[in-house]
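Asks: no letters, just coordinates:
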């Protein structure tokens, strides 16, 4: 109680000091939540691309087209357990560019059986997987389903017709058979269709001059290659090397390169945002140091008295350290509370379909409040040490 | 042996190139329950002696025994513990903590001793004995000088010390209040059998002690028992 009263004794000073911590923790919470959100997105990429080998056209080929026959050649490579054709299209072609941390809405076509192999598992909030051999069915990610207000049983025209679409723009009606749970990464913005429908969209996307000359049933855009479950990243890299050396006309990308690119991107973003926030917080911590030194200077006689009635160096130091820690804790709680409120409000006002900007995680909560508290304690060490080392004889007669 | 023994107790300070002999080879025995007034001019060593007795200072030479314990052998933590358990302090300026009420001020020394849990009741009894039971929740700013000093006296006794050191305790109050405080101290001395060592410039107050020690230049000039002259009331 006395510690609380000591903090409250100089209300304006304590308010200003705590405000410094609040601003720092507020910055740390919002920046950290942004980094967490970005990292969740990248972690999805790491989980997905760290479990397969992406095979596309060789370097220098302008069109992302491969003969489906390549899949059989790839399957013959040592270590390959499965290979699936994959197609990807813009879900909203012609949409004006907008800044977003998320992945743009996309149509992904492939074999539903690939989900059994994929490193990033998706689960259904409602409905079910696309029926094998069916046509005209779609499974929507959580964000894209909200963006267009679709639920199981509804129909959706894909790709979405642009406002200024040309007369020859083609799209097709799909029936929504499943809605995925939130993953906070790419699948939230994906519309999954089967391979045959993907080939249909591929044909639509080809230039009119060659559209009728290409048999899209024998074409894929890329191939997702899987090894046995549990295969290491290094082993997948070796498989990519073998594909490149044994299969002509394709380019297999080493998954470690993709994963490292994701990780380094995340690390840089986290470092920049967290460093900026920590800087603000440390400046707040310096104000705690200043406040505690002032408190020691004002309470010299009190310290002398406490020593005279039996307080040890440890007792005096503990009291001042607790006071500084309390300032850090209160600042941390308030700063985190305001920061969390901001992230919730901003996320809540994000239009459906756009990726939210912030992700509050338990780890971030513990870090933000814990760091503020620790900073308060550390900031109090020097003033508390000075208080504890005061000579009681001099302190008692201090004017 | 219970009580306090000073053997050639010496405290020197260096000030520039000069050595100040604040206390210079003082040897004394203080029996339990004595009421001692320490008198002398400014700079005679009164306060230094009090600080040494209260273990706030370490002597330059000589020994100080409190209840047969050689205090020179104690570390800082043990000195603090002995200070908490065996010594009470009363200062001229009261030194009450403004943020605490009367009861909390009196209970302050209980924080620094183990088994101080039953101290609250004792603190309330002491406040009653110094006549402030109706001021338990008052803050120091709401007390008169005499009342504040009575709180300080109650605080000095809360850990049941064997000695209370009083540094000019009546220096900041009027004569009538000063006499009331001395009457209170004499009563506590008689009832609790606690040793009082009181530093004062006031000869009237010094005359009411059972023993007077006069210091000059850090040495004991006179050491007289005076109970024959001024019986304890």
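Replies: Cool, got the structure. Quantities reported herein were computed from a predicted structural model and do not represent experimental measurements.
Asks: what's the burial count for the residue of chain A found nearest chain B?
Replies: Going by CB to the nearest CB, chain B is nearest to residue A:310 of chain A, at 2.3 Å. All C-beta atoms are positioned from the backbone trio N, CA, C, and that covers glycine. By the criterion of other CB atoms under 10 Å in any protein chain shown, residue A:310 has 26 neighbours.
Asks: can you check the one 10 residues further on too?
Replies: Other residues within reach of residue A:320, judged by other CB under 10 Å, total 25.
Asks: how much space separates the residue nearest to it when sequence neighbours are not counted from residue A:259?
Replies: Among residues not flanking residue A:320 along the chain, residue A:384 sits closest, at 3.6 Å (CB to CB, 6 or more residues apart in numbering or on different chains). Per CB to CB, to the nearest Å, residue A:384 is found 47 Å from residue A:259.
Asks: looking at those two, which one has more neighbours?
Replies: residue A:384 (25 against 20).
Asks: so that one: helix, strand or coil?
Replies: Recorded secondary structure, residue A:384: helix (DSSP: H, G, I helix; E, B strand; the rest coil).
Asks: and the strands in chain A?
Replies: Using DSSP state E, the strands found in chain A span residues A:53-56, A:66-67, A:82-90, A:106-110, A:124-127, A:137-140, A:155-158, A:172-180, A:190-194, A:219-220, A:222-226, A:251-253.
Asks: before we move on, back to that, quick one, what contacts the residue of chain A closest to chain B?
Replies: B:80-81, B:83-85, B:109, B:112-113, B:159 (CB atoms under 8 Å, 6 or more residues apart in numbering or on different chains).
Asks: before we move on, what about residue B:34?
Replies: Residue B:34 neighbours (CB under 8 Å, 6+ apart): B:195-196, B:210-211.
Asks: now, these that are in strands?
Replies: The members of the contacts of residue B:34 that map onto strands under DSSP E are B:195-196, B:211.
Asks: need the buried ones from these selected in PyMOL.
Replies: Here is the PyMOL command that picks out the buried ones among the ones in strands among the contacts of residue B:34, judged by 16 or more other CB atoms under 10 Å in any protein chain shown:
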select buried, chain B and resi 195+196+211
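Asks: and whichever helix in chain A runs longest with strand A:222-226, angle?
Replies: Longest helix in chain A, counting residues (DSSP state H): helix A:255-298. Relative orientation of helix A:255-298 and strand A:222-226, computed by axes from the mean of the first three to the mean of the last three CA atoms, to 10 degrees: 80 degrees.
Asks: could you dump the strands of chain A to a markdown table with mean pLDDT, mean neighbour count and distance to residue A:25?
Replies: Formatted as a markdown table, the strands of chain A follow (pLDDT from 0 to 100; neighbours: other CB atoms under 10 Å in any protein chain shown; distance: least, CB to CB, whole Å):
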| stretch | mean pLDDT | mean neighbour count | distance to residue A:25 |
| --- | --- | --- | --- |
| strand A:53-56 | 90 | 23 | 41 |
| strand A:66-67 | 89 | 19 | 52 |
| strand A:82-90 | 92 | 20 | 40 |
| strand A:106-110 | 92 | 22 | 37 |
| strand A:124-127 | 93 | 15 | 34 |
| strand A:137-140 | 95 | 26 | 38 |
| strand A:155-158 | 93 | 16 | 43 |
| strand A:172-180 | 94 | 19 | 35 |
| strand A:190-194 | 93 | 25 | 36 |
| strand A:219-220 | 91 | 24 | 50 |
| strand A:222-226 | 93 | 23 | 43 |
| strand A:251-253 | 91 | 20 | 41 |
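Asks: dump these to JSON lines, plus distance to residue A:316.
Replies: Output for those, formatted as JSON lines (distance: least, CB to CB, whole Å):
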{"stretch": "strand A:53-56", "distance to residue A:316": "64"}
{"stretch": "strand A:66-67", "distance to residue A:316": "75"}
{"stretch": "strand A:82-90", "distance to residue A:316": "67"}
{"stretch": "strand A:106-110", "distance to residue A:316": "64"}
{"stretch": "strand A:124-127", "distance to residue A:316": "58"}
{"stretch": "strand A:137-140", "distance to residue A:316": "64"}
{"stretch": "strand A:155-158", "distance to residue A:316": "70"}
{"stretch": "strand A:172-180", "distance to residue A:316": "60"}
{"stretch": "strand A:190-194", "distance to residue A:316": "62"}
{"stretch": "strand A:219-220", "distance to residue A:316": "75"}
{"stretch": "strand A:222-226", "distance to residue A:316": "65"}
{"stretch": "strand A:251-253", "distance to residue A:316": "63"}
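Asks: show me what contacts residue 132?
Replies: Since you didn't name a chain, this refers to chain A. A:112-113, A:194.
Asks: not what I meant, chain B
Replies: Going by CB under 8 Å, 6+ apart, residue B:132 touches B:102, B:147, B:150-151, B:154.
Asks: same thing with residue B:154?
Replies: By CB under 8 Å, 6+ apart, the contact set of residue B:154 is B:106, B:123, B:126-127, B:129-130, B:132.
Asks: what residue in chain B comes nearest to chain A?
Replies: Residue nearest to chain A within chain B (CB to the nearest CB): residue B:84, separated by 2.3 Å.
Asks: partner residues bridging residue 225?
Replies: This is for chain A. Beta-bridge partners for residue A:225, by DSSP bridges, are residue A:53, residue A:83.
Asks: wrong one, I was asking about chain B
Replies: residue B:211.
Asks: correct me if wrong: it contacts residue B:211.
Replies: Yes. Between residue B:225 and residue B:211 there is a contact under CB atoms under 8 Å: 5.0 Å.
Asks: list the contacts of the nearest residue to residue A:110 once chain neighbours are set aside.
Replies: Nearest residue to residue A:110, sequence neighbours excluded (CB to CB, 6+ apart): residue A:86, at 4.9 Å. For residue A:86, the contact set (CB under 8 Å, 6+ apart) comprises A:108-110, A:114, A:220-224.
Asks: per the record, what domains does chain A have?
Replies: A:2-42+A:262-396, A:82-226 (automatic domain parsing).
Asks: how about the residues of chain B by chain A?
Replies: Within chain B, the positions adjacent to chain A are B:51, B:54, B:56-57, B:76-77, B:80-81, B:83-85, B:88-89, B:91, B:95, B:97, B:99-100, B:104, B:108-109, B:111-113, B:155, B:159 by CB under 8 Å from any CB of the partner chain.
Asks: among the residues you listed, which are in strands?
Replies: Filtering the residues of chain B next to chain A for strands - DSSP E - leaves B:88-89, B:91.
Asks: give me the low-pLDDT residue ranges for chain B?
Replies: Applying pLDDT under 70 to chain B flags residues B:1, B:115-117, B:227-233.
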